[in-house]
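Visitor: what's the 3D shape of this:
(chains A, B and C)
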Amino acid sequence: MQGTSVRWRLAWIFPLGGLLFTSGCGVIGGKIASTSDPAGDQARHIWNLFVVPVWWLTVAVFLLVTVWMLLNIIRFRRKPGDTRIPPQVHGNTRLEIAWTLIPAIILALIAIPSTRLIFELNRDPGQESNALRVEVIGHQWWWEFRYPEYGIVTAGDLHVVVDRPVVLTITSQDVIHSFWPPRLAGKVDAIPGRHNTMVFTPEETGVFYGQCAELCGAQHAHMQFRVVVETQEDFDAWVAKHQRPVPQPAAGTLAAQGKELFEGSAGCAGCHSVDPRYDPTTTPINKTLMIGPNLAYFPERHTLAAFLPNTPENLHQWIANTEQVKPYSTMAEKWWKIRAQQNMLLTDDQVNAIVAYLESLR
Amino acid sequence: MSQAHAAASHPVEEHTTTGISHNRLMMWTFLASDCMFFGSLIWVYFAYRGRYFEPPYPRDLLDIPYTSVSAAVLLLSSFSIVMALTALERADMKGFRGWLLGTILLGALFLGGQYYEFTTFYHEGLTLTSNLFGTTFFVLTGFHGTHVFIGIVWLLVQWLLSYFGKLTPAHVERFFVTTLYWHFVDIVWIIIFMLVYLMPY
Amino acid sequence: MAEAALRLEQAGYRRSALVEWLTTVDHKKIGILYYWTSIVYLLLAGFLALLMRIQLAQPDMNFLGPKTYNEVMTMHGTMMIFAVAMPLNAAFFNIAVPLMIGARDVAFPRLNAFSYWSFLFGSLLMWSSFLFGHAPDAGWFGYANLSSSRLYSAGPGLDFWDLGLQVLGISSIAGALNFFVTIVNMRAPGMSLMRMPVYVWMVLVTAVLILLAFPSLTVGLFMIMFDRYFDTNFFNPLHGGDPVIWQHLFWIFGHPEVYILVLPPMGIISEILPTFSRKPLFGAPFVIFAGIAIAFLSFFVWAHHMFTVGLGPVPNALFAASTMMIGIPTGVKVFNWLATMWGGSIDFKAPMKFASAAVWLLMMGGVTGVMHATVPLDYQQQDSYFIVAHFHYIIFGVIVMALLGATYYWFPKMYGRLLDERLGTVHFWLTFLAMNLTFFPMHFVGLDGMPRRYFTYSAETGWGTWNLVITIGAFILGLSQLVLLVNVVKTMRQPANAPADPWDGRTLEWTIPSPPPAYNFAVIPTVRGRDAYWIEKYGDGHHTVTDTTQRRHVSVNRDNPGHGLPAGVHLPKPSWWPMIVSAGLTAMAAGMIMHGTETLGPLGFPVVGIGAFVVFFGLLGWHFEPAIEHAEHEQAHVHH
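Guide: Residues are numbered from 1 along each chain as shown, chains lettered A, B, ... in the order given. Predicted coordinates:
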């Protein structure tokens, strides 16, 4: 009687365990950074390996250990008043060898496809392929993208072509970062003094979320980027546009005032260029172009300050209240704070003019 | 103090499972750990070997004959400390102190030689910050020098204890442990000498 | 018996209670000091975790700023590893190991006290960084060059971290030397290596791991210190320095460190399961060799923390293979534990609840470990919450759960009292359920792409729901630990009347009274097998106990007194020197930190000098002080 009630009291573990276990299956995915919704070949290969064989072997191990543990708990629980000494079994060599081999086999089943994939994933498709080559440079806290084949540079948005392999050379100008577009590929660290390679082929058009994955200082969480996967025609148009200088604002407009401020008293041009072109022969990947991100065709970008949606309102906030929007950033420390100390913060009208100028760079 | 003296000069016989004294076992274990310390330092030296972006370069600086002499001096001190140990075992306290003093002087001579070498390199432009050779060289050999310095202080304390009659032939085990440390520091120098000085660039 | 004990205790302890604790060299007292210091730090570092969980409960929260969050996150990790998990293990090394091997103390009682005081002062030095408004903020792993350059980590925060860790490292190495020598050299007669309890084995292996792994961290920390103070180029890419070198040094230490943390708890599980199942550990030699294999392999797997660094496919594949091999001995342990329970007569007292839960949680954390060992999966999982989930299953699920189990198990040996069983059950279920509620959903947000060490996230990421669940779980988990404190307070108000052997134990600590007298064993026992006490109680045969009063509680070999006993019991003498030397050492570290600041800079080197002076003369005083007190000859006879 006593034993039965103990067993029933424990029975609730089964539905609870089942709930915990299966809950994972429905709750992940469908989010902008879900590794379970691959849109590129690398992310797809990785997710497939995760499901077969790793996940199912995990389920097998989970069931084996959980069921055995529950059987132990239910069957061998000591009854009150039981002073019996159970048989003193010291071991069983054959059994132990068996369960040395079981994990070995399970691990081998995982290791073989895994090793194959390791060698497949980072293979450079070679110079003769039509792979798109981009240099990715991490900064505290934003991403710079250079296209040496086209002599253009941009920041925040990485433009690539659907179904065309992309070879990224990844490095950093300051501390270690890690480049991670979860739906397209895994992550590769951006390390100062080292050039790492990432190879993947985007398989869907769209705008994909990306982020920094290695602690790189105060604003590590605000170091996003977007990967814009587009058709070859759209990409060609984008490149052609970036190979031309940005348009000049018409004289007398607010934007023209903003340009004057940008290049003059506001001091923006000290760190930011609005010319999308650069010379890859004189500026290899380990040389700095400008301190701040290049702002050519800025309104077309998806993010501002590497985390905010790029709207004129946010831009206004960012210029007027840099310290509140992204403290510790270079712009807050080396520009906004210094101007605040010298009582030289821009007036609202001046900020409006600069916003108008940047918004005109289409 | 007299009580302390009494207890110190008649150490209690330890019963140990292995028959090796606690002190000796601890020193061996510590030296195994110290091997990993120097192993890591030497590995760092090699990881950066050749990544010297600015002069001065090792081949412009390293003076193998000079360092061979100072290495010989340190090796000789391993011999003299063995003589000190055997003198202590024979209860020849005068001989013990003599050989011990000799060991201390040889160790000090080695350190003096290292000081001279460091200042020479410094005047030729090699500093901790000049390039990675300076950084790794000074840190590796400097940590070895620190080990020698600690050894000298330890030997000096033992010499003074013996002079005031507080280190007796009953403490031969304790002194033996000191000699283990001293030999280890010597061996490490032989390895550093071979890897840093003799290995061609 | 009691009179003799009293006389012995009076000989060394005619001092005020405070002085007694400050100068103690008794491993049992040092164990208690370690225990409560680590528990206080567990609550403090747990409190830091709750601060982080408030900040992450919802998107775009403004509870902690980015820098404060990084400080809280760094201190949570650093403290939980170095000031909670390691010293909590050390607490039980002290409380249990000498008793389990039949020794009167550790090999070097004063060095033992030195380890404790260095741990206390070193950790207080690190905690004090909050008072100065500059806590370390580069993560517990302090990746160069973020940590090594004052350009990227201004202020003394990382100096507190670097030098505080050096002091803690010295404490750990001293402790490891001590326990290595103690276990190798101070076993009771008859206790051959293969008759040693599995817990003692795991402590021995851990001591070796500490001795071989910590120097690499020491060297790395020196390099960071040189870079920060003397502008050397170790990690400065402009002069050829490579920040990846730090990662190698850190993980050559850091991966063995994982096993330094987990092997002793695995040993605890290997003691608790047999005791409460009334069965010997299934395949004990296999379990021991599995532990040794894990320790050996742990030196060849460090680069699995660096799969995304770009070492190349060949190193990645090799390190993946060696990492997966660790899964084999770990699997063996789990199966052997399950087989130990199988066919037993299991009494689910609180220690058993925690220990068997730890076995299951080891499987939960282990299978995800295999996932990150699979390099391509790690490209996605590295530095995501999936990893956070994995190692919390190991560190909380196995290490903390086993150590909580050990608390219930060995509390009689600490205080002569049994913790309340009903509160223990409540504590267990709250902790077990809350820890799963906290750490299981981290798998989900990890797979959904949430990186570690983010102080905030936007609503569009969709991570908000599970983060709220995690936060709720974390608060329940934190509050559940108060049940343990209530239990301790309640228990301590009751008389110390625990029997010598409350659990029908198998090892030597249960042969002596609870709590043990200062000299532990009136007569050093002789050991005839691995479960030394069990064999004395029940023999090797398979028979049923009918009369439990037959059990002998005082000494295993009362018929053979004097065997292996030196003439007279030598109690180690209380000493101030360990604390003085630790204080000098910490002053040197503090002086170095001051040297790096603008306001106190000129005071820095003088303070370092004073510290060195204190260390030197402290060591001299230590050297001159007699280590042992000649107490009255132990004449106690064992009476029943």
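Visitor: can you pull the buried residues of stretch B:115-128?
Guide: B:Glu117, B:Phe118, B:Phe121, B:Leu126, B:Leu128 (16 or more other C-beta atoms under 10 Å in any protein chain shown). Just so you know, the C-beta spots here come from the backbone N, C-alpha and C atoms, and that holds for glycine as well.
Visitor: you'd agree the second one is up against B:Phe137?
Guide: Okay, so that is B:Phe118. No - between B:Phe118 and B:Phe137 there is no contact under C-beta atoms under 8 Å: 9.5 Å.
Visitor: and B:His144, what does it touch?
Guide: Neighbouring residues of B:His144 by C-beta atoms under 8 Å, 6 or more residues apart in numbering or on different chains: B:Phe38, B:Val185, B:Val188, B:Trp189, B:Ile192.
Visitor: returning to that earlier point: now, which of the buried residues of stretch B:115-128 lie close to chain C?
Guide: Among the buried residues of stretch B:115-128, proximity to chain C is found for B:Leu128 (C-beta under 8 Å from any C-beta of the partner chain).
Visitor: and which of the buried residues of stretch B:115-128 is nearest chain C?
Guide: Set against chain C, the nearest of the buried residues of stretch B:115-128 by C-beta to the nearest C-beta is B:Leu128 (5.1 Å).
Visitor: which bits of the stretch 1-150 of chain C sit near chain A?
Guide: Counting by C-beta under 8 Å from any C-beta, the stretch 1-150 of chain C sits next to chain A at C:Gly65, C:Pro66, C:Lys67, C:Asn70, C:Asp137, C:Ala138, C:Gly139, C:Tyr143, C:Asn145, C:Leu146, C:Ser149.
Visitor: what's the neighbour count on the last one?
Guide: This means C:Ser149. 22 (other C-beta atoms under 10 Å in any protein chain shown).
Visitor: Distance check, it against A:Asp174.
Guide: Counting by C-beta to C-beta, to the nearest Å, the gap from C:Ser149 to A:Asp174 is 9 Å.
Visitor: Quickly list what's touching both of those two.
Guide: By C-beta under 8 Å, 6+ apart, C:Ser149 and A:Asp174 have no common neighbours.
Visitor: What strand or helix carries the nearest residue to C:Pro136 once chain neighbours are set aside?
Guide: In space, and not counting its chain neighbours, C:Pro136 is closest to C:Trp161: 3.5 Å by C-beta to C-beta, 6 or more residues apart in numbering or on different chains. Per DSSP states H and E, C:Trp161 falls inside helix C:157-185.
Visitor: tell me the mean pLDDT for that helix?
Guide: Taken as a whole, helix C:157-185 has a mean pLDDT of 97.
Visitor: What's the local residue count around the residue in chain B that chain A sits nearest to?
Guide: Per C-beta to the nearest C-beta, B:Arg51 is where chain B lies closest to chain A, at 9.9 Å. If you count neighbours by other C-beta under 10 Å, B:Arg51 ends up with 16.
Visitor: Please confirm that C:Leu571 is located within a strand.
Guide: Yes - when DSSP: H, G, I helix; E, B strand; the rest coil is applied, C:Leu571 is found to be in a strand.
Visitor: rewinding a little: go ahead and confirm the residue of chain B closest to chain A touches C:Gly240.
Guide: Yes - in this structure, B:Arg51 is within contact of C:Gly240 by C-beta under 8 Å, at 3.9 Å.
Visitor: burial measure for C:Met492, as a count.
Guide: Per other C-beta under 10 Å, the neighbour tally for C:Met492 reads 11.
Visitor: Can you verify my assumption that it contacts C:Leu419?
Guide: No - applying C-beta under 8 Å as the test, C:Met492 and C:Leu419 come out as separate, 9.7 Å apart.
Visitor: What strand or helix carries the nearest residue to B:Trp28 once chain neighbours are set aside?
Guide: Closest residue to B:Trp28 apart from its sequence neighbours, by C-beta to C-beta, 6+ apart: B:Leu180 at 7.1 Å. In the assignment (DSSP H and E), B:Leu180 maps to helix B:172-192.
Visitor: now swap in B:Val139 and tell me
Guide: According to DSSP H and E, B:Val139 maps onto helix B:132-163.
Visitor: any idea of the angle that helix forms with helix B:172-192?
Guide: Per axes from the mean of the first three to the mean of the last three C-alpha atoms, to 10 degrees, the angle that helix B:132-163 makes with helix B:172-192 is 160 degrees.
Visitor: Listing request: residues of the stretch 1-150 of chain C with sub-threshold pLDDT.
Guide: C:1-15 (pLDDT under 70).
Visitor: again with the stretch 251-400 of chain C
Guide: Those would be none, if you go by pLDDT under 70 across the stretch 251-400 of chain C.
Visitor: For it, which residue gets nearest to chain B?
Guide: Closest point on the stretch 251-400 of chain C to chain B, by C-beta to the nearest C-beta, is C:Ile252, at 7.6 Å.
Visitor: isn't C:Ala284 right up against C:Arg506?
Guide: No - with contact defined as C-beta under 8 Å, C:Ala284 does not count as touching C:Arg506 (11.1 Å).
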